[in-house]
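*Asks:* sequence and predicted structure below; questions after.
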Amino acid sequence: MSVLKIKDVSKIFAGGVRAVENFSLDVADGELVCLLGPSGSGKSTLLRMVGGFERPTSGEMTIDGEDITHVPPEKRPTGMVFQSHALWTHMNVFKNLAFGLKLRKVAPDEIKRRVEAVLDLVGLNGYGARHVAKLSGGQQQRVALARSLVLEPKILLLDEPFASLDQHLRERLREEVRDIQQRLKITTLFVTHGQDEALSMADRIVVMRDGKTEQIDRPDVVYREPRTPFVAGFIGTMNLIEGNVANGMFSKGGYSTPLPVSDGPAILAVRPEALDLTVAGEGSQGKVHRVTDYGTHGLVDLELNDSTRVKAMVSHPDMFRAGQGVTLSPRAIAAYRDGVVIHRA
Ligand SMILES: Nc1ncnc2c1ncn2[C@@H]1O[C@H](COP(=O)(O)OP(=O)(O)OP(=O)(O)O)[C@@H](O)[C@H]1O
């Protein structure tokens, strides 16, 4: 059953910036949905509208069937964790967490119980008396998460909460947050522009571009069946080869492959891991430009005859060297025309 319903929501800022346009999404109970997209695609604006920090220009939002479109943030059953965590640095951890509960007139012993439980949940057991300013970046971000969770929101809103942390810590916190989210079964909207984050955490991903939805699907589906060339190029590494189709053959720079679609321009999409290379003298379709050995696998950068660059993942990089001619055999392809998929095999 869906808890959060966003229906035809738009936000046009003063000056005419269309940050979000006719956006609709239903989020199921306990689901974690990632809003993924490049900078400026409207992710934060959308999240802020759900949290009540920004007013939609049009459209409506409901939580458990109740219209929240114009309800102020503090009256919504949502908890938001911002990129810059905005903790009260003059207070200790306990006071940071207790503050919201006090405002809600929760009894002191109940406050103590809830704060301790949530500190335990985020791995900060015993940190209550510590001053926030004396904590590491990762610990501060855990306190920020705890401060939202202690109010037991129906919906947790996370706006790039790990953006300021180093890669290693980011990966650890990502796993911790996913664990906590699944343990509490808390419905969560998570903004990120990191595809790894979205692919590893989300039940579903919303790929956004220019304030609009490009695709809403499970991570594996977004990866394997991107609906548009934009999604194909944004998620993971993808070769997007712009060429032409004539009589059922796609060609580009000396490379050609059967493609059963009508004549005209097409973009061929092939993942590096789905492209087999064979060393060939005569009749080669491309030339090896560079080989990188990553130990577990290799990556071959090659050039088609017209200088189009293509990447292929290989299991034996030592079989290839710069300057060699190769032929290309894709094992899985998709083709796009006019921004939509026209063929998949
Ligand atoms: N208060 C504002 N006034 C005017 N324009 C704004 C305002 N806030 C955001 N915008 C514009 O709305 C668009 C969407 O911005 P938003 O911050 O939602 O994108 P985003 O996808 O979250 O980007 P990022 O990943 O960089 O945070 C951008 O063009 C931005 O410049």
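*Replies:* On my side now, so go ahead.
*Asks:* tell me the SS of Asp276?
*Replies:* Using DSSP: H, G, I helix; E, B strand; the rest coil as the criterion, the local structure at Asp276 reads strand.
*Asks:* touching, it and Ala332? I think so.
*Replies:* No. The pair Asp276 / Ala332 is not scored as a contact, 10.9 Å apart, by C-beta atoms under 8 Å. No exception for glycine: its C-beta is placed from N, CA and C like everyone else's.
*Asks:* what's near enough to touch Ala163?
*Replies:* Ala163 makes contact with Gln83, according to C-beta atoms under 8 Å, 6 or more residues apart in numbering.
*Asks:* and it, how far from Ala345?
*Replies:* As for Ala163, its distance to Ala345 is 38 Å (criterion: C-beta to C-beta, to the nearest Å).
*Asks:* in the stretch 151-300 of the chain, what residue is nearest the ligand?
*Replies:* At 4.8 Å from the ligand, His193 is the closest residue in the stretch 151-300 of the chain, using C-beta to the nearest ligand atom.
*Asks:* next, count neighbours for that residue.
*Replies:* Here the count is done by other C-beta atoms under 10 Å, and His193 has 18 residues near it.
*Asks:* for it, what are its contacts?
*Replies:* Residues in contact with His193, defined by C-beta under 8 Å, 6+ apart, are Leu36, Gly37, Pro38, Ser39, Lys43, Glu160.
*Asks:* what about the residues you listed, which are in helices?
*Replies:* When the contacts of His193 are checked against helices using DSSP state H, the ones located there are Lys43.
*Asks:* just flag the most distant two among the contacts of His193.
*Replies:* Using C-beta to C-beta, the pair of these lying farthest apart is Pro38 and Glu160, separated by 12.9 Å.
*Asks:* between those two, which is the more surrounded one?
*Replies:* When Pro38 and Glu160 are compared for neighbours, Glu160 comes out ahead with 19 against 13, by other C-beta under 10 Å.
*Asks:* I'd say the more buried one and Gln83 touch.
*Replies:* Yes. The pair Glu160 / Gln83 is scored as a contact, 4.5 Å apart, by C-beta under 8 Å.
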